[in-house]
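Enquirer: structure for this input, please:
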Amino acid sequence: QVQLVESGGGLVQAGGSLRLSCAASGRAVSTYDMGWFRQAPEKEREFVAFITWSGITTRYADSVKGRFTISRDNAKNTTDLQMSSLEPEDTAIYYCAARGGRPGVLSRQETYQYWGQGTQVTVSS
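Expert: As a prediction, this is how the structure comes out:
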């Protein structure tokens, strides 16, 4: 079993920055691929970014490319999402997710077995 806890959300003005962190606990979590997803009010949850267990491969949604950066520290079992140039459209609950060995595309939420409780990000205009 893997537990994920997100932190770092809050209220920020447009153009500002926030850094989200996801702390993972459980057996062999450093071998899990990690993703960030978000869900805005009255919208479906959508992919934001993923990073493979080694940290070598990352991918981003087009809407955040060039503004967000995903990273991980396997010694600390944390996965961060650095968000810059934030826009009101980035307002959402942000979730981290972990995938361990399950086949599937890492940009699809059904690929992930474990989810955090989410952290709210609100960007004011």
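
Enquirer: CA only for contacts and neighbour counts going forward, please
Expert: Noted.

Enquirer: and the gap between Gly66 and Ser84?
Expert: As for Gly66, its distance to Ser84 is 9 Å (criterion: CA to CA, to the nearest Å).

Enquirer: comparing the two, which residue is more hemmed in?
Expert: More neighbours surround Ser84 than the other of Gly66 and Ser84, with 17 against 12 (other CA atoms under 10 Å).

Enquirer: may I have the phi/psi pair for that one?
Expert: Phi and psi for Ser84, reported as degrees, to the nearest 10, are phi -130, psi 170.

Enquirer: list the contacts of it.
Expert: With CA atoms under 8 Å, 6 or more residues apart in numbering as the criterion, the residues that contact Ser84 are 15-18, 67-68.

Enquirer: ditto for Trp36
Expert: Taking CA under 8 Å, 6+ apart as the definition, contacts of Trp36 comprise 47-50, 81, 94-97.

Enquirer: would you format these as TSV with neighbour count, distance to Ser107 and secondary structure included?
Expert: As requested, the contacts of Trp36 are arranged in TSV below (neighbours: other CA atoms under 10 Å; distance: CA to CA, whole Å; DSSP: H, G, I helix; E, B strand; the rest coil):
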residue	neighbour count	distance to Ser107	secondary structure
Phe47	22	6	strand
Val48	25	8	strand
Ala49	25	7	strand
Phe50	27	7	strand
Leu81	23	15	strand
Tyr94	26	15	strand
Tyr95	26	13	strand
Cys96	30	12	strand
Ala97	28	11	strand
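
Enquirer: helix, strand, or coil at Ile56?
Expert: Three-state assignment for Ile56 (DSSP: H, G, I helix; E, B strand; the rest coil): coil.
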